[in-house]
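# my questions concern the predicted model and sequence given below.
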Amino acid sequence: MKAPLISLKDISFSYGDRKVLDSINLEIYEGERIGLIGSNGAGKTTLLYLIMGLLKPQKGAIEILGKGRTKEKDFIEVRQKIGFLFQDSDNQLFCPTVKEDIAFGPLNLGKTKKEAMEIVRETCKILGIEGFEDRVTYKLSGGEKRLVALATVIAMKPLCFILDEPSAGVDENNVEKIVKYLKNNAKTYLIASHDREFLKDTVEKIITLEKGKIKY
Ligand SMILES: Nc1ncnc2c1ncn2[C@@H]1O[C@H](COP(=O)(O)OP(=O)(O)OP(=O)(O)O)[C@@H](O)[C@H]1O
Ligand SMILES: [Mg+2]
């Protein structure tokens, strides 16, 4: 069997003396589509931050794309190849306009301005937000921001998606577009969500975080 894309071994994490994750093991293989559930404060976002290198564990080892990842430098490649959707869209969006936000990743990956703009158009079409390109990001509604945030992730064409509450605040019609995209175009993903209907439509396996442990 091929090595897992993401492997967490015996990971523990605490904020000060509040232990959130307690000796967690998790492997995600290419082609797996996994849902992550758990009550508010269970540690889902914390777990996703550890995968992306936005937090560092006090104990355990993280291997991603076959390599051990400990230092900040190790996560540069991770963030280029694994697309992360923040729970709070305002953490994702930092450019004045929608098109600049969506083009940011592709430009960073070496695309030309013309190529990046083509990706912006394609991505907006996928999510039904054509015509949003010149809108001012901070003036968008919550749900609109959610779609643009997701567009910034899709535009990177990542190997694997790590999505924190992608359907939160999104209307039924637009959730359908997200489901369709994920089912048809995304091979590997981990989605943290409270939306059981959404997970039913998008994942094959659900894991639960409870009292610092993963229940399979
Ligand atoms: N920066 C921080 N400093 C201290 N405690 C924190 C910090 N961030 C999160 N926590 C605490 O860690 C716990 C886990 O938080 P986390 O955001 O991972 O939960 P979650 O499962 O994503 O919850 P939700 O479903 O509400 O998004 C919570 O009790 C939270 O209050
Ligand atoms: Mg969370």
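That came in fine, so what should we check first? All values derive from a computational prediction rather than experimental measurement. Ligands and ions are numbered 1, 2, ... in the order given.

# please list the residues of the chain that sit near ligand 2.
44-45, 87 (Cβ under 5 Å from the ion). C-beta here means a position set from N, CA and C on the backbone, and glycine is covered the same way.

# any chance of the residues you listed in CSV, plus distance to Q80, secondary structure and neighbour count?
Supplementary listing: the residues of the chain next to ligand 2 in CSV, determined by distance: Cβ to Cβ, whole Å; DSSP: H, G, I helix; E, B strand; the rest coil; neighbours: other Cβ atoms under 10 Å:
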residue, distance to Q80, secondary structure, neighbour count
K44, 23, helix, 24
T45, 21, helix, 19
Q87, 21, coil, 17
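
# what helix or strand is the closest residue to I162 other than its chain neighbours on?
Distances taken as Cβ to Cβ, 6 or more residues apart in numbering place F84 nearest to I162, at 4.8 Å, with adjacent residues excluded. Assigned by DSSP states H and E, F84 belongs to strand 82-85.

# strand partners (parallel or antiparallel) of that strand?
Using DSSP bridges, the strands paired with strand 82-85 are strand 160-164 (parallel).

# dump the strand it pairs with to PDB, restricted to CA.
Provided in PDB are the C-alpha atoms of strand 160-164 (Å, rounded to 0.1, in the frame of the first residue of the first chain):
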ATOM      1  CA  CYS A 160      -6.000  17.300  -1.100                       C
ATOM      2  CA  PHE A 161      -8.600  19.600   0.600                       C
ATOM      3  CA  ILE A 162      -8.800  20.300   4.300                       C
ATOM      4  CA  LEU A 163     -12.100  22.200   4.800                       C
ATOM      5  CA  ASP A 164     -13.300  23.700   8.000                       C
END
